[in-house]
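> Show me how the following folds:
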Amino acid sequence: MKITDLRRPARCYAVALLAVLAIGATATPAPAEPPTTTPFTTPNTDGCPQKSLPPAPIDTSEVPAPGQPTPAPLPIPAPAIGGTRLAECGVVLPRSAPPAPQDISATAWLVADLDTGEVLAAKDPHGRYRPASTIKVLLATLALRTLDLNKVVVGTRADADVDGTRVGIGPGGHYTNRQLMQALIMASGNDAAHAIATQLGGDAATVAKLNELAKSLRAMDTRVATPSGLDGPGMSTSAYDLAVVFREAMTIPLFAELIHTEQVDFPGFPADPGLPGDADRPGYPIGNDNQLLYNYDGALGGKTGYTDDARQTFVAAAQRYGRRLVVSLLQADVRPVRPWEQAARLLDYGFGLPSGVSVGALPGAVVPQREHSAVALAAPPVSGTNPSAMPHAEQGGIGTRTLLIAGGIVAILVLLAGARRANRRR
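Numbers count the residues shown, from 1 in each chain. All right, here's what the predicted structure looks like:
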């Protein structure tokens, strides 16, 4: 008897035992653990709940200072800026377009062509929400057009003590305005925002200038209350306005460069002479906090934001197939996927639509608003293809490829008929 034959019974017993165990496990399943979170649902905005004001705050950050009045709601432009369809508060898509991406927790969002200004799709585009640090895009636009970027600024204790996210400006540190812009745009430093606002005349003067700039851009849902984006009385913006502001900022070459930069070195600062034993702080690298930049092919850059009242906010742009799109998100959450991943899905959706499709336009759009037929929007392309560059045959028409195939078949039939006639003559 072979050794392998001696092993066969033992192997059969083992298989039988495993089968019994499997049956027992199937018959008496372990009790399922209750879910730890409520099911995700995309916020419904069909009833225009934020037409005039952002959602009610959850803290006291928007309580006016003593003696100051509560700001009245901003006027609602009529007709809606950007086109009549952008007055809608639910999901706004081109006629017969595929459904919008799922798993988007942002209460409001918008996708637009960065160059033509065409709005491709949106949800509650003019609904009013808090911007958080995405308002730094507006501050960067003002500062880049106002300040001498080579000027050296000395850090102050007021810079170092601001609330919220800080890049690490220290009293006595020396920083060029270009470095402050890097800290503002890449690392969302509120201390950098304070140092920049100080040069623009202080917080109150800077806020007034930012509101003037927003109006000049036709961002009429936007009211700035703080230069850094921290919540304040009357603070608001919209998904439409965020796209408008980002589009304007991207016309400044240095902004486009800094928003796309992954890492730079930032200066340290000297020891505080008032603190015995304090030591000098050496310089250190700072990185871009926008994960879309690292994880999405064609990403051009973007700006993140968060406060307790604003929740997650985000605005960014990407380039594919010779097109540049901008996407904005307001009042998002980190589930079911993080905001930058939600932005990626919306960008994919926008790139999947044919060129020229729109539901509205950003101010100064260079092409007229128009909408394509259901045939042109029958289905999105497969991932990695550009619908506007696809051959006509692949978009549902007869196309050159089909004509060539038909012509080849006819030619073969003609040759066969000629050969048959020649054989008959022979």
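> for the helix or strand harbouring residue 143, which positions count as buried?
If you go by DSSP states H and E, residue 143 is part of helix 136-144. Under the neighbour-count criterion of 16 or more other C-beta atoms under 10 Å, helix 136-144 has 136, 137, 138, 139, 140, 141, 142, 143, 144 buried. For glycine as for every other residue, the C-beta is placed from the backbone atoms N, C-alpha and C.
> Equivalent analysis for stretch 162-170, please.
162, 164, 165, 166, 167, 168, 169, 170.
> who are the neighbours in contact with the nearest residue to the fifth one once chain neighbours are set aside?
Okay, so that is residue 167. The shortest distance from residue 167 to any non-neighbouring residue, by C-beta to C-beta, 6 or more residues apart in numbering, is to residue 189 (3.2 Å). Listed by C-beta atoms under 8 Å, 6 or more residues apart in numbering, the contact set of residue 189 reads 165, 166, 167, 168, 169, 183.
> Now render the residues you listed as CSV, adding pLDDT.
Compiled in CSV, these are given as follows (pLDDT from 0 to 100):
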residue, pLDDT
165, 95
166, 97
167, 97
168, 96
169, 97
183, 98
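> and of those, the nearest to residue 148?
Of all those, the one with the least separation from residue 148 (C-beta to C-beta) is residue 183, at 16.8 Å.
> Run through the strands of the stretch 251-400 of the chain in chain order.
Assigned by DSSP state E, counting those that start in this stretch, the strands in the stretch 251-400 of the chain fall at 263-266, 284-287, 299-307, 311-320, 323-332, 360-361.
> Any chance of the backbone angles for residue 120?
phi -90, psi -40 (degrees, to the nearest 10).
> whoops, residue 174 was the one
The phi and psi values for residue 174, taken as degrees, to the nearest 10, are phi -110, psi 130.
> Identify the nearest residue to it in space, disregarding sequence-adjacent positions?
Leaving aside its sequence neighbours, residue 174 sits nearest to residue 152 (C-beta to C-beta, 6+ apart; 5.4 Å).
> State the number of residues packed around the one you found.
10 (other C-beta atoms under 10 Å).
> One more: residue 158?
For residue 158, using other C-beta under 10 Å, the count is 13.
> and what of residue 257?
A count of neighbours around residue 257, defined by other C-beta under 10 Å, yields 12.
> And it, how far from residue 199?
21 Å (C-beta to C-beta, to the nearest Å).
> And residue 324, by the same measure?
Taking C-beta to C-beta, one finds residue 324 at 31 Å from residue 199.
> now do residue 44
Counting by C-beta to C-beta, the gap from residue 44 to residue 199 is 44 Å.
> Comparing the two, which residue is more hemmed in?
More crowded of residue 44 and residue 199, by other C-beta under 10 Å: residue 199, with 16 against 13.
> Now for the more buried one: which residues touch it?
By C-beta under 8 Å, 6+ apart, the residues touching residue 199 are 143, 147, 153, 177.
> quick one: the third one is in a helix?
No - secondary structure assignment (DSSP: H, G, I helix; E, B strand; the rest coil) places residue 153 in strand, not in a helix.
> That one and residue 194 touch, don't they?
No - counting by C-beta atoms under 8 Å, residue 153 stays clear of residue 194, with 10.9 Å between them.
> So for those two, which sits in the more crowded spot?
Between residue 153 and residue 194, counting by other C-beta under 10 Å, residue 194 is the more crowded of the two (26 against 20).
> For the more buried one, which three-state class applies?
helix.
> contacting residues for it?
Neighbouring residues of residue 194 by C-beta under 8 Å, 6+ apart: 158, 159, 162, 203, 227, 228.
> Tell me, how many residues neighbour residue 172?
By other C-beta under 10 Å, the residues close to residue 172 number 16.
> do the same with residue 236
Look at residue 236: counted by other C-beta under 10 Å, it has 24 neighbours.
> what about the residue nearest to it when sequence neighbours are not counted, how many residues close to it?
Counting by C-beta to C-beta, 6+ apart, residue 236 lies nearest to residue 128, which is 4.4 Å off, once chain neighbours are set aside. A total of 26 residues lie near residue 128 under the criterion other C-beta under 10 Å.
> Specify the beta-bridge partners of the residue lying closest to residue 129 once chain neighbours are set aside.
Nearest residue to residue 129 in three dimensions, chain neighbours excluded: residue 330, at 4.0 Å (C-beta to C-beta, 6+ apart). Beta bridges link residue 330 to residue 108, judged by DSSP bridges.
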